[in-house]
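*Asks:* sequence and computational prediction follow.
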Amino acid sequence: MKAVLARAFAPLEQLELAQLPSSLPGPGQVALAVRAAGVNFLDGLIVQGKYQTKPALPFSPGAEVAGVVRAVGPNVTGLTPGMRVLAMCGYGGFAEELVTDATNILALPEKMDFVTAACFPIVYATSLHALKDRGELKAGETLLVLGAAGGVGLTAVEIGKIMGARVIAAASSEEKLALCRNRGADEIINYATSDLRERVKELTGGKGVDVVYDPVGGSYAEPAVRSLAFLGRYLVIGFASGEIPKIPLNLLLLKQASLVGVFWGAYARARPKDNARNFAELFGWYAQGRLHPHISQTFPLEGYREALDAVMSRRAQGKVALVMG
């Protein structure tokens, strides 16, 4: 089988496409024929050794895939060859075949295709966990989403609207903001051409926002914190800008605001039943037509360099996928 291989924690240019032998599943494992893999910012970080997880070398990046069960190992129940599934594997997904723990597998909703499924779990599960479990977003509150046209940002716009919030989407171009409008954003801010804090003041009548969803970090973080309302919550999702911001803590004291960390992967491992309930809710919304995953580009496995570059350079809108075969 073909697989994208990292032989060292190194720049993305050192990834290679290799031929590897197929593997059989061990106890508690499942072997998949991969049909599609989502491409995420974390995939680029993990290859460079800049993520919380460092797999044993060599390894394939690719944290989420969809495909067909090829074989199951001993002690696996509820999964059989031929089932359509998605896998939240953490790494290993940029390959034609994958062996992963059965606990990483979910059966696909009947009407969800492989490409949509491969691009669904990380972004939607992160945003629902962030807004519901960590931000405790309530109907009628105002939500500011930074990087709102990116993979996680766009899902936060959608879920924020479902939860009854007034959503302000902030992004760096009019094209990206048009996509946010299409996904339900009530207000938009182009922070490349306007002052983020001043625009938030204008849009909220000086009150500020109740929740900030920030996957960007960098120079937008402090003005976003300053834009919080009384008892506001700032959700730390990630640092797509490449810069981890330093926040003056007196800003939190004055507003009685909270900085809240969001790491969905750790939550899913620590509270699998709660995570399963969140997925049931997400799949229900998808079946009802309330979620509309946006996949802006697909590439063959051989196009992994272009796919990663589109994501890491923040040119991509919504999600990017690799399609096998």
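*Replies:* Received it, and whenever you're ready, just let me know what you need.

*Asks:* measure stretch 41-56 end to end?
*Replies:* Length of stretch 41-56, first residue to last, CA to CA, to the nearest Å: 20 Å.

*Asks:* give me the residue at the spatial middle of the protein.
*Replies:* Val123 (2.7 Å; CA atoms, centre = their mean).

*Asks:* can I get the helix or strand hosting that one in CSV, CA atoms only?
*Replies:* In this structure, Val123 sits in helix 121-128 according to DSSP states H and E. Only the C-alpha atoms of helix 121-128 are listed here, as CSV (Å, rounded to 0.1, in the frame of the first residue of the first chain):
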residue,chain,number,x,y,z
PRO,A,121,-14.9,14.7,13.4
ILE,A,122,-12.1,16.9,14.5
VAL,A,123,-13.5,20.3,13.5
TYR,A,124,-17.1,19.6,14.6
ALA,A,125,-16.3,17.8,17.8
THR,A,126,-13.8,20.5,18.8
SER,A,127,-16.3,23.3,18.3
LEU,A,128,-19.2,21.6,20.0
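
*Asks:* tell me which other helices or strands that helix touches.
*Replies:* strand 84-88, helix 151-162, helix 264-270, helix 272-287 (3 or more CB pairs under 8 Å, 6 or more residues apart in numbering; DSSP states H and E). Using the backbone N, CA and C atoms, a C-beta is placed for each residue, glycine as well.

*Asks:* and the first one, how far out from the chain middle?
*Replies:* In other words, strand 84-88. 16 Å (CA atoms, centre = their mean, to the nearest Å).

*Asks:* direction included, what does that strand pair up with?
*Replies:* Counting by DSSP bridges, the strands paired with strand 84-88 are strand 64-72 (antiparallel), strand 105-107 (antiparallel).

*Asks:* can you give me the strands in the stretch 51-200 of the chain?
*Replies:* Using DSSP state E, counting those that start in this stretch, the strands of the stretch 51-200 of the chain run over 64-72, 84-88, 97-101, 105-107, 142-145, 166-171, 187-190.

*Asks:* that older thread, tell me which of the strands paired with strand 84-88 sits most buried.
*Replies:* Comparing the strands paired with strand 84-88 by mean neighbour count (mean count of other CB atoms under 10 Å), strand 64-72 ranks first with a mean of 23.

*Asks:* that one versus strand 97-101: what angle between them?
*Replies:* If you take axes from the mean of the first three to the mean of the last three CA atoms, to 10 degrees, strand 64-72 sits at 80 degrees to strand 97-101.
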